[in-house]
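Participant: Got a predicted structure here, sequence first:
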Amino acid sequence: MTYLIKDFAQLTGVSERTLRYYHEIGILIPERADNGYRKYTSRDADQLQLILMYRNLQFDLSTIKQLLALPVKQKIKELATQQSVLIKKQSELTQALQQIAITLANYREEQLMKDPEKFTVFKQAAITENQELFGKEVVSKYGSKQQRNANQHFKNLTTIQYQQMQTNEVQLIFELQQYIASPNWPSDLAQKIFNHHQAWLQLASPDYSLKMHRAIAEMYVSDARFTNYYTKLIGHPQAAKALNSIINYYAIK
């Protein structure tokens, strides 16, 4: 079945002006009837559906044009990648909504919550994020059983323990920012940085050891994701390297 541009616009909900523009830039090219009028087909409807989907994913039109030109197998691969991104975003939004719902319920006194319950969702969100970002590396180094034990240990942290972790991290950020301005070890400041990082890690992991501490410090400089994390956390590109040096100096038998 074929459609003139007016009918195709009504069918798809896309304005005639937009359809003409898509034709001009070469991402939706209809056939021409003998009288020169644009003639849209079911194939064009499929193409337009794909364009609209890419637009919803915030792709610009030049990128969409490149994606449309890909072979079918490559299109499938690109769509699968975007699907994974959206699934991750959906998970993050679900966790955020759960956090908001619990907080609202607490404020409205719809339920009397125990302190550990207030932090359950936050801890689960942290576990999920770490699993997605670093799960494969942790399993390859320590095994899936140790990872499960660590996740369960983290879930079971008391409110006080969880707050202690947060406090140690805040202190670590402040002290590492000071240290980077004037790096020097051994020093009292470097020792404090190590102590706070060690205390944080001991709370986070049931199997802490100095060997594990050094191995984690190595990932800070060998894996760009860890490096970028500390760059953003501390606000300096040398943060991960500085922390690695401090840990390697103090994490000795």
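Facilitator: All right, it came through fine.
Participant: pLDDT wise, what is the residue nearest to Leu68 when sequence neighbours are not counted at?
Facilitator: Leaving aside its sequence neighbours, Leu68 sits nearest to Ile27 (C-beta to C-beta, 6 or more residues apart in numbering; 6.0 Å). Backbone N, C-alpha and C define where each C-beta goes, glycine included. Looking at Ile27, its pLDDT is 93.
Participant: swap in Arg148?
Facilitator: 65.
Participant: Start the count at 18 instead of 1 going forward.
Facilitator: Right, with 18 as the first residue, what we last looked at is Arg165.
Participant: before we move on, the earlier item: do you know how far the residue nearest to Leu85 is from Ala50?
Facilitator: Ile44 sits 21 Å away from Ala50, going by C-beta to C-beta, to the nearest Å.
Participant: who's more crowded, the two?
Facilitator: Shown here are Ile44 and Ala50; by other C-beta atoms under 10 Å, Ile44 has more neighbours (21 against 11).
Participant: which residues does that one contact?
Facilitator: 64, 68, 78, 81-82, 85 (C-beta atoms under 8 Å, 6 or more residues apart in numbering).
Participant: What are the neighbouring residues in contact with Lys94?
Facilitator: Contacts of Lys94 (C-beta under 8 Å, 6+ apart): none.
Participant: Just give the number of residues close to Ala216.
Facilitator: By other C-beta under 10 Å, the residues close to Ala216 number 18.
Participant: nearest spatial neighbour of it, skipping sequence neighbours?
Facilitator: Asn185 (4.9 Å).
Participant: How about Glu192?
Facilitator: Per C-beta to C-beta, 6+ apart, closest to Glu192 is Ile210, 4.9 Å.
Participant: Just the buried ones among the contacts of Ile44, please.
Facilitator: Listed as buried from those are 64, 68, 81-82; burial here means 16 or more other C-beta atoms under 10 Å.
Participant: So which of those is the closest to Phe243?
Facilitator: Taking C-beta to C-beta as the measure, Phe243 lies nearest Ile81 of the buried ones among the contacts of Ile44, at 34.2 Å.
Participant: For the closest one, pull up the helix or strand it's in.
Facilitator: Element membership of Ile81 [criterion: DSSP states H and E] is helix 78-85.
Participant: helices and strands around that helix, which ones?
Facilitator: Other elements packing on helix 78-85 under the criterion 3 or more C-beta pairs under 8 Å, 6 or more residues apart in numbering; DSSP states H and E are helix 59-73.
Participant: What residues of the helix it packs on count as buried?
Facilitator: Buried residues in helix 59-73, defined by neighbour count with 16+ other C-beta under 10 Å: 61-62, 64-65, 67-68, 71.
Participant: Likewise for stretch 235-255?
Facilitator: 236-238, 243-244, 246-248, 250-251, 253.
Participant: What is the neighbour count of Leu218?
Facilitator: Neighbours of Leu218 under the rule other C-beta under 10 Å: 19.
Participant: Run through the residues that contact it.
Facilitator: 225, 229-230, 233 are the contacts of Leu218 under C-beta under 8 Å, 6+ apart.
Participant: Under a three-state scheme, what state does it occupy?
Facilitator: helix (DSSP: H, G, I helix; E, B strand; the rest coil).
Participant: now it: how far from Glu186?
Facilitator: Leu218 is 11 Å from Glu186, by C-beta to C-beta.
Participant: can you list the domain ranges for the protein.
Facilitator: With domains defined by automatic domain parsing, the chain comprises 22-85, 89-130, 173-267.
Participant: ranking these by burial, who's on top?
Facilitator: Highest mean neighbour count of the domains of the chain: domain 173-267, a mean of 16 (counted as mean count of other C-beta atoms under 10 Å).
Participant: For this structure, which segments count as helices?
Facilitator: Ranges of helices within the chain are 22-29, 33-42, 59-73, 78-85, 89-124, 132-159, 161-172, 176-198, 205-221, 227-239, 241-251, 256-267, based on DSSP state H.
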